[in-house]
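Visitor: No letters, just coordinates:
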């Protein structure tokens, strides 16, 4: 249906047609009109410390390489040999300080993708691939049209034209400011481990869940209750459970009405923020020691400003979910209409005490690792959603909750209550604009 | 492997260790979560590294790095009536083999055991396979051998996970 349907008709202010999630033709159009145009997070610069260090990454349908070039810049290149089309890097990561060499016919490239050497080059004499000839530039690896680095977080766009990264992020760039500012040295370093989890569902279902403040108390009740009970066992032994238990028990100790006290802030391009609820500024000795490092680095006033930023999630639509105070992010790589890869990373705050890293690590292991005590029930919901949407049991997905009641001020829509479905409506507003080509 | 001929590794010890490993697999396949936890010493750790190069789970990312407290959280979640994703048909079958006693210190009562496992999991009308190696660091207690540290390396542990792992492997 996609080719002939006005896609904007699938999106109404308070509901979305199910085919937006299940039609493979619409998925292909999303690749073309959204993922091949927007800024995609490709990685953190600290993943590629030395010349030639690389990680491979998917942008939409395109296998790409993020690599450190000899001049210190981070380049993003199509993972394709210009000769016969083979991928140059078959591994997920590696080091190619001397550049890339194709395993098929030994074409060689510098780390900026420019041609280094072609074996038996005389064979190209008189052809369009001869040095100086018409197509000679096509002997280079094709770079991403645009690459931008915001405080160490590297993004690429396959479209030559469009807003700059900072323009496109708008207020959502607070995701990176918040996480970096929390480091006494003002920057973060990636922990070089990527957990990869495949969801059997359309990519949009995951994004809608990220700022859905109604689901945690329902979906994660079992884990919240289990963690709370074990916290009590600690107390009975006159011990204190690690803060990571609180990350889990908050699902159960935060009653549903309380979730309405939080807020979502919804911006242009589908980006949005969920304000914090976990109380991540306890007054234990670890936190106090950390605050002292911040105080020394920034002074009292700036430290208070930094720690007053109260964010749980920042969603950079359509491909990135960042949790700055927890020092982690999930990148979304849609594979097919009903299959979505998430790549999950966490970071160290440079200059912060080890205990603060371990706090983030606790969340990474318990919530975001493949043995997650939390996402197991989310992924189950996502799969069930996708199955239901693929059925003929109904045509529309409801986003009616508090529709028309949110506070709109220019490009900012503030949810009237935390469980308003404002973030989903905001995402589909952006989706419609991308897909309608406006 | 030289320890295979170690005179301290008696057939009785070998049998006792094998039975412990079989019992652990049995606990998992029969959802005897508390029985599984009770095979660990009070400070015992169940560890699945994030990568094979890791030598300790302390302070580094892990797929599992659980003491008995965290194991108890996992058990309580699995037993909760609203562990939604666990309410579908679900089962596992563990096969443990190639059991080799790597070291045995009779004075301390410590035994290190290597083995291989293969697991088939059935869930929502689909099967998954996991395979790899266990290393059990055991110590002798009044109740028999108990696990101080179990290291689990899956050969497919670093690939993308189709869905997640909800119980210990």
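Guide: Now that the structure is in, tell me what you want to look at. Since the structure is predicted, the reported quantities are computational estimates derived from the model, not experimental observations. Residues are numbered from 1 along each chain as shown, chains lettered A, B, ... in the order given.

Visitor: Please, where are all the helices along the chain?
Guide: I'll assume chain A. Per DSSP state H, chain A carries helices over the ranges A:19-22, A:24-30, A:165-169, A:174-181, A:203-210, A:215-219, A:221-236, A:243-253, A:256-259, A:285-298, A:300-308, A:354-363, A:375-389, A:422-435.

Visitor: oops, I was thinking of chain B
Guide: So, for chain B - with DSSP H - the helices run B:11-29, B:33-37, B:68-79.

Visitor: Pick the most buried one from those.
Guide: The highest mean neighbour count among those, using mean count of other CB atoms under 10 Å in any protein chain shown, belongs to helix B:68-79: a mean of 21. Every residue, glycine included, has its C-beta placed from N, CA and C.

Visitor: State the mean pLDDT of that one.
Guide: When pLDDT is averaged along helix B:68-79, the result is 97.

Visitor: Could you do stretch A:334-343 as well?
Guide: Mean pLDDT, computed over stretch A:334-343, is 98.

Visitor: these two touch, right, residue A:168 and residue A:38?
Guide: Yes. Counting by CB atoms under 8 Å, residue A:38 is a contact partner of residue A:168 at 7.1 Å.

Visitor: and for the two, which residues touch both?
Guide: Shared contacts of residue A:168 and residue A:38 (CB atoms under 8 Å, 6 or more residues apart in numbering or on different chains): A:162, A:269.

Visitor: quick one: which of those two has more around it?
Guide: Under the criterion of other CB atoms under 10 Å in any protein chain shown, the comparison of residue A:168 against residue A:38 puts residue A:38 first, with 24 against 19.

Visitor: Ok, which of the helices of chain B comes nearest residue A:203?
Guide: Closest to residue A:203 of those is helix B:68-79 (CB to CB; 26.9 Å).

Visitor: Return the angle between stretch directions for the closest one and helix A:354-363.
Guide: Angle of helix B:68-79 versus helix A:354-363, following axes from the mean of the first three to the mean of the last three CA atoms, to 10 degrees, is 20 degrees.

Visitor: mind checking how far the residue lying closest to residue A:192 once chain neighbours are set aside is from residue A:66?
Guide: Nearest residue to residue A:192, sequence neighbours excluded (CB to CB, 6 or more residues apart in numbering or on different chains): residue A:47, at 6.3 Å. The gap separating residue A:47 from residue A:66 is 7 Å, by CB to CB, to the nearest Å.

Visitor: shared neighbours, the two?
Guide: residue A:55.

Visitor: list the contacts for the residue nearest to the spatial centre of chain B?
Guide: In chain B, the residue lying closest to the centroid (CA atoms, centre = their mean) is residue B:150, at 5.6 Å. Residue B:150 is in contact with B:40, B:44, B:45, B:46, B:47, B:134, B:135, B:136, B:137, counting by CB under 8 Å, 6+ apart.

Visitor: Show the buried residues in these.
Guide: B:40, B:44, B:45, B:46, B:47, B:134, B:136, B:137 (16 or more other CB atoms under 10 Å in any protein chain shown).

Visitor: Let me see the contact set for the last one.
Guide: For residue B:137, the residues meeting the contact criterion (CB under 8 Å, 6+ apart) are B:110, B:111, B:112, B:147, B:148, B:149, B:150, B:151.

Visitor: 6 Å - rerun?
Guide: Taking CB atoms under 6 Å, 6 or more residues apart in numbering or on different chains, we find residue B:137 in contact with B:112, B:148, B:149.

Visitor: And the third one, by the same measure?
Guide: Contacts here follow CB under 6 Å, 6+ apart; on that basis residue B:45 touches B:67, B:149.

Visitor: now do 8 Å
Guide: Taking CB under 8 Å, 6+ apart, we find residue B:45 in contact with B:57, B:65, B:66, B:67, B:148, B:149, B:150.

Visitor: Chain neighbours aside, what residue packs nearest to the fifth one?
Guide: Nearest non-adjacent residue to residue B:148, counting by CB to CB, 6+ apart: residue B:137, 4.7 Å away.

Visitor: Show me what the one you found is bridged to.
Guide: Taking DSSP bridges as the rule, residue B:137 bridges to residue B:112, residue B:149.

Visitor: what's the pLDDT at it?
Guide: For residue B:137, the pLDDT comes out at 98.

Visitor: what does residue A:155 give?
Guide: The per-residue pLDDT reported for residue A:155 equals 98.

Visitor: Next: the one 5 residues further on.
Guide: Per-residue confidence for residue A:160 comes out at a pLDDT of 97.

Visitor: isn't it right up against residue A:143?
Guide: No. Residue A:160 is not in contact with residue A:143 according to CB under 8 Å; the separation is 10.9 Å.

Visitor: Comparing these two, which residue is more hemmed in?
Guide: Neighbour comparison, residue A:160 and residue A:143: the larger count goes to residue A:143, with 17 against 8 (by other CB under 10 Å).

Visitor: what sits against the more buried one?
Guide: Taking CB under 8 Å, 6+ apart as the test, what residue A:143 contacts is A:75, A:76, A:77, A:78, A:112, A:113.

Visitor: can you rerun that using 10 Å?
Guide: A:64, A:65, A:75, A:76, A:77, A:78, A:112, A:113, A:114, A:156 (CB atoms under 10 Å, 6 or more residues apart in numbering or on different chains).

Visitor: all strands for the stretch 1-150 of chain A, in order.
Guide: Along the stretch 1-150 of chain A, the stretches classed as strands by DSSP state E, counting those that start in this stretch are A:11-12, A:15-17, A:40-44, A:53-59, A:62-68, A:74-78, A:93-95, A:100-101, A:108-109, A:115-117, A:146-150.

Visitor: now swap in chain B and tell me
Guide: Along chain B, the stretches classed as strands by DSSP state E are B:40-49, B:62-66, B:90-105, B:110-123, B:126-141, B:144-154, B:161-162.

Visitor: any idea which of those strands is most buried?
Guide: Most buried of the strands of chain B by mean neighbour count (mean count of other CB under 10 Å) is strand B:62-66; its value is a mean of 24.

Visitor: For that one, which strands pair with it and how are they oriented?
Guide: Sheet pairing for strand B:62-66, using DSSP bridges, gives strand B:40-49 (antiparallel).

Visitor: Run the chain-centre distance for the strand it pairs with.
Guide: Centroid separation for strand B:40-49 versus its chain: 9 Å, with CA atoms, centre = their mean, to the nearest Å.

Visitor: Flag every residue of the stretch 251-400 of chain A that's near chain B.
Guide: Neighbours of chain B within the stretch 251-400 of chain A, by CB under 10 Å from any CB of the partner chain: A:333, A:335, A:339, A:341-346, A:354, A:357-358, A:361-362, A:364-366, A:368-381, A:383-384, A:387.
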